[in-house]
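In: from the sequence below, what's the structure:
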Amino acid sequence: MKETRGDGGSAPFCTRLNHSYPGMWAPEARGNLTRPPGPGEDCGSVSVAFPITMLITGFVGNALAMLLVSRSYRRRESKRKKSFLLCIGWLALTDLVGQLLTSPVVILVYLSKQRWEQLDPSGRLCTFFGLTMTVFGLSSLFIASAMAVERALAIRAPHWYASHMKTRATRAVLLGVWLAVLAFALLPVLGVGQYTIQWPGTWCFISTGRGDNGTSSSHNWGNLFFASTFAFLGLLALAITFTCNLATIKALVSRCRAKAAASQSSAQWGRITTETAIQLMGIMCVLSVCWSPLLIMMLKMIFNQTSVEHCKTDTGKQKECNFFLIAVRLASLNQILDPWVYLLLRKILLRKFCQVIHENNEQKDEIQRENRNVSHSGQHEEARDSEKSKTIPGLFSILLQADPGARPYQQ
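Out: The predicted model follows:
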């Protein structure tokens, strides 16, 4: 598991991009070179405040989400809402445990001011670090996919969902996802694939290269199989999430149109559809921005038979290596954003955002109606005021109750 260093190998290769913390995915390089920086290198001072800040941010968000879910789960009688709460709670727990298992290693690398090989001569810590990143990275993606499937079934097949989607089934699915990902991540321990020290020599992850000249052909193909499978599984999880969320949005729009006969019901469902669609699209955007660059970059390196492990000896790959580090940091950011996207911001910003949208739409509708009905403007104004007083106050009591179990599409 040890990595052979290039010239000047007593210190990690670092660049100016290594001054920002990538969360669980990449401990940072430090400016402790024992040789002058080469072309493209810019090693400055870094502070341990970066990993500590990210650890605190992730811990607070996920812990708060787990607290709200736990409180709501005990009060919920609906099995449908309990299934949803289990999914959110399991996702928050997965992200939180992933941070607690890896962030201390990041902080240790910062404080020790030593190379990874000096801290981990046996390579076991490298294997643990890479395995942890693989397990909790893929688990988060597939739990998000499970939540998307659960949402789609709840709105598109409510009768089947009510009779088949029990709390026990939800637990079994979530546990099955976690165990399956763990079994996959253990393949390098069994000789299929490898977790290696990555550029700039301060973190470990899946090897995408074919190894050195002395490496056997079967070992090289094992590396390629494991790395490509990880990337394809990640893209599959994203595809499932996108497909199910789009299906949910389509079903909500269809149901909203079907309720157009009753004015008050139509107004409520219009707002329900808008708010739910915004949340689902936000989830898709966050997942896409955080994960797509890393997964696509891994596939590109596999097909080109390159690896960031070679960055320490080839300064010509500087741009590619820097982009890979940015992709890794984006993936790590997903653990911090998950509780806010799925739970916390829905109660805070989503309501305000939708209020602004609906106020603008109401103003436009009011102007159009006044232009068409100038002679009866007084009567229409009274009708609009009466309609607002009936629909708006009751809307958010339906959509956003005092706990995270109140899902718009389940009302």
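In: looks like L182 contacts V135 (just checking).
Out: Yes: between L182 and V135 there is a contact under Cβ atoms under 8 Å: 5.5 Å. No exception for glycine: its C-beta is placed from N, CA and C like everyone else's.
In: which of those two has more residues huddled nearby?
Out: The residue with more neighbours, out of L182 and V135, is V135; 21 against 15, by other Cβ atoms under 10 Å.
In: secondary structure element for the more buried one?
Out: Here V135 sits within helix 124-156, counting by DSSP states H and E.
In: show me what counts as buried in that helix.
Out: Within helix 124-156, the residues that qualify as buried are 125-156, counting by 16 or more other Cβ atoms under 10 Å.
In: where does pLDDT dip in the stretch 51-200 of the chain?
Out: Where the stretch 51-200 of the chain drops to pLDDT under 70, the residues are 76-80, 200.
In: now the strands for it?
Out: Per DSSP state E, counting those that start in this stretch, the stretch 51-200 of the chain carries strands over the ranges 195-198.
In: which residues in it form helices?
Out: Applying DSSP state H, counting those that start in this stretch to the stretch 51-200 of the chain gives helices spanning 79-112, 116-119, 124-156, 158-164, 167-185.
In: let's have those helices in CSV, adding distance to A49.
Out: Shown next, in CSV, are those (distance: least, Cβ to Cβ, whole Å):
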stretch, distance to A49
helix 79-112, 10
helix 116-119, 21
helix 124-156, 21
helix 158-164, 47
helix 167-185, 31
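In: so which of these comes closest to S292?
Out: Nearest of those to S292, taken as Cβ to Cβ: helix 124-156 at 11.3 Å.
In: which stretches of the stretch 301-411 of the chain have low pLDDT?
Out: For the stretch 301-411 of the chain, residues meeting the criterion pLDDT under 70 lie at 309-317, 344-411.
In: hmm, try it at 50
Out: Low-confidence segments of the stretch 301-411 of the chain (pLDDT under 50): 382-411.
In: related to what we said a few turns ago, what's the angle between the helix holding V135 and helix 167-185?
Out: Calculated by axes from the mean of the first three to the mean of the last three Cα atoms, to 10 degrees, helix 124-156 forms an angle of 150 degrees with helix 167-185.
In: what's the first helix or strand after the helix or strand harbouring W221?
Out: In this structure, W221 sits in helix 217-258 according to DSSP H and E. Counting by DSSP H and E, the next helix or strand C-terminal to helix 217-258 is helix 263-303.
In: ok, back up a step: for N223, which of the helices of the stretch 51-200 of the chain is the nearest?
Out: Between N223 and the helices of the stretch 51-200 of the chain, the tightest spacing by Cβ to Cβ is seen for helix 124-156, at 12.2 Å.
In: mind listing what S207 touches?
Out: 193-196, 223, 227, 307, 309 (Cβ atoms under 8 Å, 6 or more residues apart in numbering).
In: again but with I283, I slipped
Out: Contacts for I283 (Cβ under 8 Å, 6+ apart) come out as 144, 148, 241, 245, 341-342.
In: how much space between it and Y342?
Out: For I283, the distance to Y342 (Cβ to Cβ, to the nearest Å) stands at 7 Å.
In: ditto for V97
Out: Going from V97 to Y342 by Cβ to Cβ gives 17 Å.
In: these two: who's more crowded?
Out: Taking neighbours as other Cβ under 10 Å, V97 and Y342 compare with Y342 leading, 23 against 15.
In: and that one, helix, strand or coil?
Out: Y342 falls in the helix class when you classify it by DSSP: H, G, I helix; E, B strand; the rest coil.
In: give me the number of residues near the closest residue in space to it that isn't next to it in sequence?
Out: Ranked by Cβ to Cβ, 6 or more residues apart in numbering and with sequence neighbours excluded, the top spatial neighbour of Y342 is I88, at 5.7 Å. Neighbour count for I88, taken as other Cβ under 10 Å: 23.
In: quick one: contacts for I88?
Out: Residues in contact with I88 (Cβ under 8 Å, 6+ apart) are 65, 69, 147, 342-343, 404.
In: and if we set it to 10 Å?
Out: With contact taken as Cβ atoms under 10 Å, 6 or more residues apart in numbering, I88 is in contact with 65-66, 68-69, 72-73, 143, 147, 338-339, 342-343, 404-405.
In: tell me how many other residues crowd L85.
Out: If you count neighbours by other Cβ under 10 Å, L85 ends up with 26.
In: can you verify my assumption that it contacts R171?
Out: No: taking Cβ atoms under 10 Å as the definition, L85 is not a contact partner of R171, at 11.7 Å.
In: before we move on, back to that, mind listing the shared neighbours of I283 and Y342?
Out: Counting by Cβ under 10 Å, 6+ apart, the contacts common to I283 and Y342 are 144, 147.
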